[in-house]
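Student: Everything below, folded, please.
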Amino acid sequence: MKNIRLITDGSCLGNPGRGGWAAILRYDHLKKEMWGSSPHTTNNRMELTAAIEGLRALREDCEVEVVTDSEYVKNGITIWIHAWKRKNWMTAAKKPVVNQDLWQELDELAARHKTTWTWTKGHASHADNNRCDDLATRAAKEQSSGTKPSP
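Tutor: Okay, the predicted model is just below:
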């Protein structure tokens with residue numbers, strides 16, 4: 001089973017506003033950068049989308065470490081989601097879970113792999129997280145998407 005590191009970030013110019021997401025996949029010495037945008041969204045939706053798109057890009061079952069600077073994503077997928085599913089996607093306050101569509105997709109994609117989740121401080125010393133931040137911000141501004149493989 002391949003051991004993959006997936007680094008993710010989301011950005012929003014205004015919240016809600018123009019959004020962007022980015023993901024970097026690392027396997028051995030290979031690196032693939034991905035990014036995309038949405039014209040009207042929230043920062044949390046872009047953070048979730050980055051993780052979803054990164055996992056979606058994997059063509060086989062892998063051991064994946066997902067590195068995110070979003071405590072919302074990390075806590076949501078590792079802690080809160082279990083109660084949400086038991087309560088039919090309702091919060092403790094008996095309100096529908098926000099971004100349920102994305103949480104369900106992320107849960108399904110993460111279940112295909114042996115997935116661990118790591119939080120890193122944003123805008124700090126993590127080079128790949130900083131690169132994701134740059135790509136996501138650029139995607140939000142330019143409303144662009146793409147991929148770039150590199151050695």
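
Student: okay, stretch 104-111 in PDB with CA atoms only?
Tutor: Extracted in PDB, the C-alpha atoms of stretch 104-111 (Å, rounded to 0.1, in the frame of the first residue of the first chain):
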ATOM      1  CA  GLN A 104     -20.600  12.900   3.700                       C
ATOM      2  CA  GLU A 105     -18.400  12.900   0.600                       C
ATOM      3  CA  LEU A 106     -15.300  13.300   2.700                       C
ATOM      4  CA  ASP A 107     -16.300  10.500   5.000                       C
ATOM      5  CA  GLU A 108     -16.900   8.200   2.100                       C
ATOM      6  CA  LEU A 109     -13.500   9.100   0.400                       C
ATOM      7  CA  ALA A 110     -11.500   8.800   3.700                       C
ATOM      8  CA  ALA A 111     -13.000   5.400   4.400                       C
END
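
Student: next one: it to chain centre, how far?
Tutor: Chain-centre distance of stretch 104-111: 11 Å, with Cα atoms, centre = their mean, to the nearest Å.

Student: pLDDT wise, what is residue 134 at?
Tutor: For residue 134, the pLDDT comes out at 96.

Student: Report the separation between it and residue 128.
Tutor: In this view, residue 134 and residue 128 are 11 Å apart by Cβ to Cβ, to the nearest Å. To be clear about C-beta, it is placed using only N, CA and C from the backbone, and glycine gets the same treatment.

Student: Comparing the two, which shows the higher neighbour count?
Tutor: The neighbour count for residue 134 versus residue 128, taken as other Cβ atoms under 10 Å, is higher for residue 128 (20 against 14).

Student: host element of the more buried one?
Tutor: Element membership for residue 128, per DSSP states H and E: helix 127-142.

Student: I'd like to know which elements that helix is packed against.
Tutor: Applying 3 or more Cβ pairs under 8 Å, 6 or more residues apart in numbering; DSSP states H and E, we find helix 127-142 packed against strand 2-14, strand 17-27, strand 30-41, helix 43-56.

Student: Thank you, goodbye.
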